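Chemist: Quick one: sequence plus predicted model below, questions after.
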Amino acid sequence: MNTDNLFRISMILIASLIALFIVAPIISMFVHTSVPDLLETWTDIDVQRSIWITLLTAFAATTFFGLMGIPLAFLLARNDFRGKRIVLGLIDLPIVIPQRESHS
């Protein structure tokens, strides 16, 4: 077994483990909940409203950051300009500051 195959197999195993952490709770929810309870929850107006708000927010955020982020990335990659280091610092700031600290 060469290094390429070993790397590929290890990446597949890691990706499968990550997928399991995402899929297992969803499967568990459907297995341990009765069909009438699922239907009752699905027909609840608050649940439907919550799902629509989540989907609309995700769509709006993806669209906004796609339209703003791609040109900004192109600008940062291709050009040198005054304040570029500040912009890069602002982009990295949410990664550097832990989430717990930003809410205090």
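Modeler: Cool, got the structure.

Chemist: buried sites along the helix or strand harbouring I14?
Modeler: Counting by DSSP states H and E, the element that carries I14 is helix 3-31. By neighbour count with 16 or more other CB atoms under 10 Å, helix 3-31 contains no buried residues. (Each C-beta comes from the backbone N, C-alpha and C, glycine too.)

Chemist: Mind giving me the packing neighbours of that helix?
Modeler: Using 3 or more CB pairs under 8 Å, 6 or more residues apart in numbering; DSSP states H and E, no helix or strand is in contact with helix 3-31.

Chemist: I'd like the next helix or strand past that helix.
Modeler: Downstream of helix 3-31, the next assigned helix or strand under DSSP H and E is helix 35-43.

Chemist: quick one: low-confidence parts of the protein?
Modeler: Applying pLDDT under 70 to the chain picks out residues 1, 99-104.

Chemist: longest helix of it?
Modeler: Looking across the chain with DSSP state H, the single longest helix is helix 45-78.

Chemist: Can you name the next helix or strand after it?
Modeler: Using DSSP H and E, the helix or strand that follows helix 45-78 towards the C-terminus is helix 84-96.

Chemist: Compute the inter-axis angle for that next one and helix 45-78.
Modeler: 140 degrees (axes from the mean of the first three to the mean of the last three CA atoms, to 10 degrees).

Chemist: Just want the most central residue of the chain.
Modeler: What sits nearest the mean C-alpha location of the chain, by CA atoms, centre = their mean, is A58, with 9.5 Å.

Chemist: Go ahead and produce PDB holding the CA coordinates of stretch 14-28.
Modeler: C-alpha atoms of stretch 14-28 as PDB (Å, rounded to 0.1, in the frame of the first residue of the first chain):
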ATOM      1  CA  ILE A  14     -12.200  10.900   9.000                       C
ATOM      2  CA  ALA A  15     -14.900  12.200   6.700                       C
ATOM      3  CA  SER A  16     -17.100   9.200   7.600                       C
ATOM      4  CA  LEU A  17     -16.700   9.900  11.300                       C
ATOM      5  CA  ILE A  18     -17.600  13.500  10.800                       C
ATOM      6  CA  ALA A  19     -20.600  12.500   8.700                       C
ATOM      7  CA  LEU A  20     -21.600  10.000  11.400                       C
ATOM      8  CA  PHE A  21     -21.600  12.800  14.000                       C
ATOM      9  CA  ILE A  22     -24.000  14.800  11.800                       C
ATOM     10  CA  VAL A  23     -26.300  12.000  10.500                       C
ATOM     11  CA  ALA A  24     -26.600   9.800  13.700                       C
ATOM     12  CA  PRO A  25     -28.600  12.300  15.800                       C
ATOM     13  CA  ILE A  26     -30.900  12.900  12.900                       C
ATOM     14  CA  ILE A  27     -31.500   9.200  12.400                       C
ATOM     15  CA  SER A  28     -31.900   8.800  16.200                       C
END
